[in-house]
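Participant: coordinates only, sequence not included:
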């Protein structure tokens with residue numbers, strides 16, 4: 001992971017946590033759709049005109065339409081669950097790597113970790129970093 005990726009992660013960490021929550025909510029919704037036939041039908045009701053229902057006969061039975069809607073709804077719900085699970089897991093992997101990186105930084109040097117955090121997360125200038133560093137670790141007043 002290069003520094004550009006690292007800076008991007010620091011800036012977007014809250015956004016990724018929100019995305020994980022949204023993905024979990026979406027997955028729960030589609031799992032709920034799988035457990036209820038009515039919700040499966042509602043899931044694809046909009047696309048009813050494009051469903052592969054036999055139209056060569058003059059009349060199509062309502063049972064045939066309902067069965068097709070259920071089948072398509074179940075298939076679509078499973079695809080969406082798979083898609084959002086993959087997205088969520090990708091973010092989990094990245095966040096796991098970041099957590100390990102932070103643990104490593106803490107073990108190496110808390111002072112260096114503080115400087116990196118101020119620089120990348122808080123986007124402070126070097127003068128601000130110097131003042132905050134001295135207040136936290138040195139308790140000295142600097143001329144500025």
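Facilitator: In hand now; what should we look at? The model shown is predicted, which means the values in this text are computed figures rather than measured ones.
Participant: biggest helix in this protein, by residue count?
Facilitator: Longest among the helix segments of the chain by residue count, using DSSP state H, is helix 62-108.
Participant: from the chain's centre, how far out does it sit?
Facilitator: Distance, stretch centre to chain centre, for helix 62-108: 9 Å (CA atoms, centre = their mean, to the nearest Å).
Participant: elements contacting that helix?
Facilitator: Here helix 62-108 touches helix 3-11, helix 13-35, helix 37-44, helix 110-116, going by 3 or more CB pairs under 8 Å, 6 or more residues apart in numbering; DSSP states H and E. Just so you know, the C-beta spots here come from the backbone N, C-alpha and C atoms, and that holds for glycine as well.
Participant: how close does the closest residue in space to residue 80 that isn't next to it in sequence sit to residue 96?
Facilitator: Using CB to CB, 6 or more residues apart in numbering and skipping the chain neighbours, the partner closest in space to residue 80 is residue 30 (4.9 Å). Distance of residue 30 to residue 96, given as CB to CB, to the nearest Å: 25 Å.
Participant: between the two, who's got more neighbours?
Facilitator: More crowded of residue 30 and residue 96, by other CB atoms under 10 Å: residue 30, with 22 against 10.
Participant: the more buried one contacts residue 75, correct?
Facilitator: No - checked against CB atoms under 8 Å, the pair residue 30 and residue 75 is beyond contact range at 11.4 Å.
Participant: report the secondary structure state of residue 123.
Facilitator: Three-state call for residue 123 (DSSP: H, G, I helix; E, B strand; the rest coil): coil.
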